[in-house]
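S.K.: here you go, sequence then predicted model.
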Amino acid sequence: MRVRDRVVVVTGAAGGIGRAMALRFAEEGAAGLVVVDLDEAGTAAVAGEIGDRALAVRADVSVEAEVQALVRAAEEAFGPVGLFCSNAGVITGHGLDAGDLDWTRTIDVNLLAHVYAARAVVPGMAERGGGYLLNTCSAAGLISCPGDAPYAVTKSAAIAFAEWVAIHYRAKGIGVSVLAPQGVRTGLLGEGAEDTLVHRGAVASGEILTPAQVAQAVIDGLDAERFYILPHPEVAEYVRRKYADTDRWLAGMSRFVASLEG
C-alpha cells in the first residue's frame, strides 16, 4: 500500500503521531491530506505546513455525523478517500475508580470512532474495489495498560473490530492495518503525566519513540501491508509469551505493576 497519489484522512492530527503521519504522507506524495482534530488551531497549523494539498477539518470523531461530514469534505476537496487513518485517542489514567463518564468517553473515541470511520468509507471503497484503513490501537490493546482500565479495554476492542473488518472485506480489496506502539513522546505521556502509573509503565517497558519514528514504521508497515504495525518490535515477543503461557504472563504482569506501584 503506497500513499502516493492517494487521498488520505488522518484524525487526531493536530499533534503527536497524527501530525507526524500527516507530514510524512505529504512527503510520500499523497494527492490530498485531510487533517482532522478537535483542536482547530492545531489542525490548521498542520495543514499550513503541508500546503495546498491539505484541508483542515475540525471534527469530533466520537460523533458519527461529524465523521460522515469530514469524509464528504475530503471527497469534495480531493476525491474518494484511499486511506483513512483513525488515529484519535484518549487516555484516563484510572482503574476501578474510572467513572461512567470516563468509560463512555473512552469507548466513544477509542472504539466507536473506528466503527464510524469504517461505516463512512468502507462501502465506497468496496464499490471501487480497493481502499485501506489504518487504526491506531496501541500495544495496550495487545498486552494491557498498567494504570488505565478503560484505555486497555477499548484498545483491545478496537483491535478486535479491525480484525473483523479485515476478515470480511479483504476479498473486496480493502486492507487493514493496526498501529500498536508502546511509549511515544506525545501529549498522552507529556508534562504532568510523569508520576502516573501509565507513564511509569511506558518508561519501564522500553524506548520512548518520537512521533517521527512511529510515522516511519507506518510507512514501512503499509508498504508491506502488515496487519500489525509494531514500532516497538519487542511487542511481538510479549504477545507470543502471553498466548504461549497466559497464566505465567499474567503473573509476570502482576509483578511488573507491583514494582511500578513500589
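M.R.: Received the coordinates, thanks. Just so you know, these numbers come straight off a predicted model, no measurement behind them.
S.K.: next, the spatially closest residue to G79 that is not a sequence neighbour: phi, psi?
M.R.: In this structure, G79 finds its nearest non-sequential neighbour in V7, 5.4 Å apart by Cβ to Cβ, 6 or more residues apart in numbering. Backbone N, C-alpha and C define where each C-beta goes, glycine included. Main-chain torsions, V7, degrees, to the nearest 10: phi -90, psi 130.
S.K.: contacting residues around V7?
M.R.: 30-34, 74-75, 78-83 (Cβ atoms under 8 Å, 6 or more residues apart in numbering).
S.K.: quick check: P80 vs R226, distance?
M.R.: 24 Å (Cβ to Cβ, to the nearest Å).
S.K.: so E261 sits against G201, correct?
M.R.: No: E261 is beyond contact range of G201, at 10.2 Å (criterion: Cβ atoms under 8 Å).
S.K.: more crowded one of these two?
M.R.: Set E261 next to G201 and count neighbours by other Cβ atoms under 10 Å: G201 wins out with 22 against 10.
S.K.: what strand or helix carries the more buried one?
M.R.: Following DSSP states H and E, one finds G201 within helix 197-205.
S.K.: buried residues in that helix?
M.R.: Neighbour-count burial for helix 197-205 flags L197, V198, H199, R200, G201, A202, S205 (criterion: 16 or more other Cβ atoms under 10 Å).
S.K.: redo those residues as TSV? Include distance to G93 and pLDDT.
M.R.: TSV is the format used below for the buried residues of helix 197-205 (distance: Cβ to Cβ, whole Å; pLDDT from 0 to 100):
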residue	distance to G93	pLDDT
L197	8	73
V198	6	76
H199	9	73
R200	11	77
G201	11	74
A202	12	74
S205	16	75
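S.K.: could you single out the nearest of those to A215?
M.R.: A202 (18.6 Å; Cβ to Cβ).
S.K.: name the nearest residue to that closest one, sequence neighbours excluded.
M.R.: Using Cβ to Cβ, 6+ apart and skipping the chain neighbours, the partner closest in space to A202 is G183 (3.4 Å).
S.K.: report the contact partners of the one you found.
M.R.: So G183 contacts L189, A202, V203, S205, G206, E207, I208, L209, H232 (Cβ under 8 Å, 6+ apart).
S.K.: any idea which of those residues is least confident?
M.R.: Looking at these by pLDDT, the weakest one is L189, with 62.
S.K.: list the buried residues of the helix or strand containing A69.
M.R.: Using DSSP H and E, A69 sits in helix 64-78. Residues of helix 64-78 classed as buried under the neighbour-count rule (16+ other Cβ under 10 Å) are E64, E66, V67, Q68, L70, V71, A73, A74, E75, F78.
S.K.: any idea how far the closest residue to V203 other than its chain neighbours lies from A13?
M.R.: In space, and not counting its chain neighbours, V203 is closest to G183: 6.6 Å by Cβ to Cβ, 6+ apart. Distance of G183 to A13, given as Cβ to Cβ: 20 Å.
S.K.: quick revisit: what's the most distant pair in the buried residues of helix 197-205?
M.R.: L197 and S205 (12.1 Å).
S.K.: what ranges does the stretch 101-250 of the chain have for its strands?
M.R.: 131-136, 174-179, 228-229 (DSSP state E, counting those that start in this stretch).
S.K.: now the angle between strand 131-136 and the second one, please.
M.R.: I take that to be strand 174-179. 20 degrees (axes from the mean of the first three to the mean of the last three Cα atoms, to 10 degrees).
S.K.: what lines up beside strand 174-179 in the sheet?
M.R.: In the sheet, strand 174-179 lines up against strand 131-136 (parallel), strand 228-229 (parallel) (DSSP bridges).
S.K.: of those strands, which is nearest A44?
M.R.: A44 sits nearest to strand 131-136 of all these, at 21.7 Å, using Cβ to Cβ.
S.K.: contacts for the closest one, please.
M.R.: With contacts defined as Cβ under 8 Å, 6+ apart, strand 131-136 is touched by 1, 12, 17, 80-89, 114, 117-118, 121-122, 124-125, 158-159, 161-162, 165, 173-179, 218, 222, 229.
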